[in-house]
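*Asks:* sequence first, then the predicted structure, then my questions.
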Amino acid sequence: MNGKPYAYAPITGASGPAWPDGKRLAVYVAVGIEEYRFGDGHTEDLLPASPHDLVNTSWRDYGNRVGGFRLLDRLAARDIPATVLLNTDVYRSAPAIVEHARRSGAEFVGHGISNSDSLADLSPDEQAAYVRRVADEIEEHEGARPLGWSSPWLAHTPETTRVLSDAGYRYLLDLRADDRPVPLVGTELTAMPYALELNDSTTVIGRGASAAEFADMIIDEFDELLQASTDQPLVMSIVTHAFISGAPFRLRQLTRALDHLAAHRDRVWFTQPGEIWGRGRTDG
C-alpha cells in the first residue's frame with residue numbers, strides 16, 4: 001500500500017446495501033466552529049497578517065458571534081442536520097454558539113482544542129494526550145464521547161490514525177480517497193468521504209473561488225453523485241466554516257445550493273457521519 005493506510009478498492013467493486021428508505025446518496029454538511037489564540041500559533045487569514053493582527057482576528061470572530069448562528073439556522077430550516085467540527089476552546093470563548101448547535105441536533109466531531117494547533121507539531125505521545133483531552137471535554141459537555149475526528153489544518157503524522165483509534169475515535173473526516181467510507185488498515189477507524197474542494201476554506205479562501213462559484217461546485221457535485229448513486233450507495237460531503245460561509249454574501253449563495261439539494265429529498269439521505277458509520281456497522 002506504499003505507506004497509505006487504506007487498501008485499493010475500485011469503484012467498480014461490489015455495491016453495498018442502500019441507505020435508509022432505499023436512498024442511494026447520503027449527504028452531510030460539516031460546519032467548522034473554531035477558536036484561534038490571539039497572536040499565537042497557526043491562523044487562517046483573509047489579509048496578510050500583521051504583528052498585532054486584530055483585523056484577521058475580528059474576521060474569524062465573526063463566525064462565533066454572528067455567522068455560525070445563521071448558518072446553523074439555514075441548515076435547520078431545510079431539515080439538514082449539522083455536523084460540527086468543534087475546537088473545544090469554544091466552550092470557553094463562545095459558549096452560546098455551542099449551545100445553539102446543540103439545540104439544533106448537531107453531531108460534535110473532535111477538531112482539536114484550538115485551530116492554532118496542529119498535530120504535525122506533536123510527538124505521538126503528545127498527540128495521544130491531545131486527542132484524548134478533546135474527547136474528554138466533549139464528553140463533559142455533551143454527555144458522550146465523539147465518534148469522529150477532523151484534524152486542524154488536516155494535519156497528520158504517520159502515527160495519527162493509530163493514536164486516534166487507540167483513543168476511541170471511530171471515523172476520520174479529512175480524506176477524500178473515495179465516494180464511499182473506507183476502512184483504515186491496522187486501526188478501528190473508517191475514513192468518511194470528506195470534501196477537500198467542496199470546502200470553503202481550501203476553495204474560497206485558499207484558491208479565491210467566488211461565493212457563486214462555490215455554490216455551483218456544490219450543485220454540480222451533487223447532480224453528478226446523485227446520478228452515479230443509481231449504481232451503488234455513495235456519500236457526499238460539504239465543508240463550511242462559521243466565519244467563511246456564515247458571511248452574508250456567501251450564505252446567500254450557499255443557500256441557493258442547499259435549496260437545490262433539498263429539492264431532491266425524496267432520493268437523498270441528509271444525515272451525519274456518525275449515522276453513516278453506525279449504518280456500516282449494522283450492515284457489515
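*Replies:* Arrived safely, thanks for sending.

*Asks:* C-alpha from now on. contacts and neighbour counts both.
*Replies:* OK.

*Asks:* residue ranges with poor pLDDT in the protein?
*Replies:* Residues of the chain meeting the criterion pLDDT under 70: 1, 51, 281-284.

*Asks:* what about the helices in it?
*Replies:* Under the criterion DSSP state H, the chain carries helices at the ranges 54-62, 68-77, 90-93, 95-103, 124-142, 160-166, 211-228, 248-262, 273-283.

*Asks:* so the fourth one versus helix 124-142, what angle?
*Replies:* Orientation check (axes from the mean of the first three to the mean of the last three Cα atoms, to 10 degrees): helix 95-103 against helix 124-142 gives 70 degrees.

*Asks:* from Ala242, how far off is the residue nearest to the spatial centre of the chain?
*Replies:* For the chain, the residue nearest the mean C-alpha position is Ala30 (3.9 Å; Cα atoms, centre = their mean). Using Cα to Cα, to the nearest Å, Ala30 is found at 10 Å from Ala242.

*Asks:* kindly state the beta-bridge partners for the residue nearest to the centre of the chain.
*Replies:* In this entry, Ala30 is beta-bridged to Thr83, Val239, by DSSP bridges.

*Asks:* that one: what's it in contact with?
*Replies:* Ala82, Thr83, Val84, Leu85, Ser237, Ile238, Val239, Thr240, His241 (Cα atoms under 8 Å, 6 or more residues apart in numbering).

*Asks:* let's see it at 10 Å
*Replies:* Contact partners of Ala30, counting by Cα atoms under 10 Å, 6 or more residues apart in numbering, are 81-85, 106-109, 173, 194-195, 199, 237-241, 272-273.

*Asks:* next one: Ala82
*Replies:* By Cα under 10 Å, 6+ apart, the contact list for Ala82 reads 28-31, 71-73, 75-76, 101-102, 104-108, 270-273.

*Asks:* with Val55 instead?
*Replies:* By Cα under 10 Å, 6+ apart, Val55 lies in contact with Asp45, Leu46, Leu47, Pro48, Ala49, Asp61.

*Asks:* looking at those, state which has the most neighbours.
*Replies:* Within the contacts of Val55, Asp61 tops the neighbour count with 19 neighbours, counted by other Cα atoms under 10 Å.

*Asks:* for that residue, give me its contacts.
*Replies:* Going by Cα under 10 Å, 6+ apart, Asp61 touches Glu34, Glu35, Tyr36, Val55, Gly67, Gly68, Ala94, Ala242, Phe243.

*Asks:* how much space between the first one and Thr240?
*Replies:* Computed as Cα to Cα, the Glu34 to Thr240 distance reads 11 Å.

*Asks:* who touches both of those two?
*Replies:* Shared contacts of Glu34 and Thr240, counting by Cα under 10 Å, 6+ apart, come down to Val84, Leu85.

*Asks:* the more surrounded of the two?
*Replies:* Neighbour count, other Cα under 10 Å: between Glu34 and Thr240, Glu34 has more, with 28 against 25.

*Asks:* who's in contact with the more buried one?
*Replies:* Taking Cα under 10 Å, 6+ apart, one finds 60-61, 63-64, 84-90, 93-94, 111-116, 152, 241-243 in contact with Glu34.

*Asks:* PyMOL command to pick out the buried ones of those?
*Replies:* If you want just the buried ones from these in PyMOL, going by 16 or more other Cα atoms under 10 Å, the selection is:
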select buried, resi 60+61+63+64+84+85+86+87+88+89+90+94+111+112+113+114+115+116+152+241+242+243
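
*Asks:* show me which of the contacts of Ala82 are buried.
*Replies:* Buried, going by 16+ other Cα under 10 Å: 28-31, 71-73, 75-76, 101, 104, 106-108, 270-273, out of the contacts of Ala82.

*Asks:* any idea how far the closest residue to Ile238 other than its chain neighbours lies from Trp277?
*Replies:* Among residues not flanking Ile238 along the chain, Val29 sits closest, at 4.8 Å (Cα to Cα, 6 or more residues apart in numbering). As judged by Cα to Cα, Val29 and Trp277 stand 15 Å apart.

*Asks:* give the buried residues for stretch 168-181.
*Replies:* 168-176, 178-181.

*Asks:* list the contacts of Gly110.
*Replies:* Contact partners of Gly110, counting by Cα under 10 Å, 6+ apart, are 84-88, 131-135, 137-138, 145-152, 169, 172-173.

*Asks:* that older thread, now distance to Tyr6 too, for the helices of the chain, in JSON lines please.
*Replies:* Below are those laid out as JSON lines (distance: least, Cα to Cα, whole Å):
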{"stretch": "helix 54-62", "distance to Tyr6": "35"}
{"stretch": "helix 68-77", "distance to Tyr6": "32"}
{"stretch": "helix 90-93", "distance to Tyr6": "33"}
{"stretch": "helix 95-103", "distance to Tyr6": "33"}
{"stretch": "helix 124-142", "distance to Tyr6": "20"}
{"stretch": "helix 160-166", "distance to Tyr6": "11"}
{"stretch": "helix 211-228", "distance to Tyr6": "22"}
{"stretch": "helix 248-262", "distance to Tyr6": "30"}
{"stretch": "helix 273-283", "distance to Tyr6": "17"}
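
*Asks:* fine, thanks again, bye for now.
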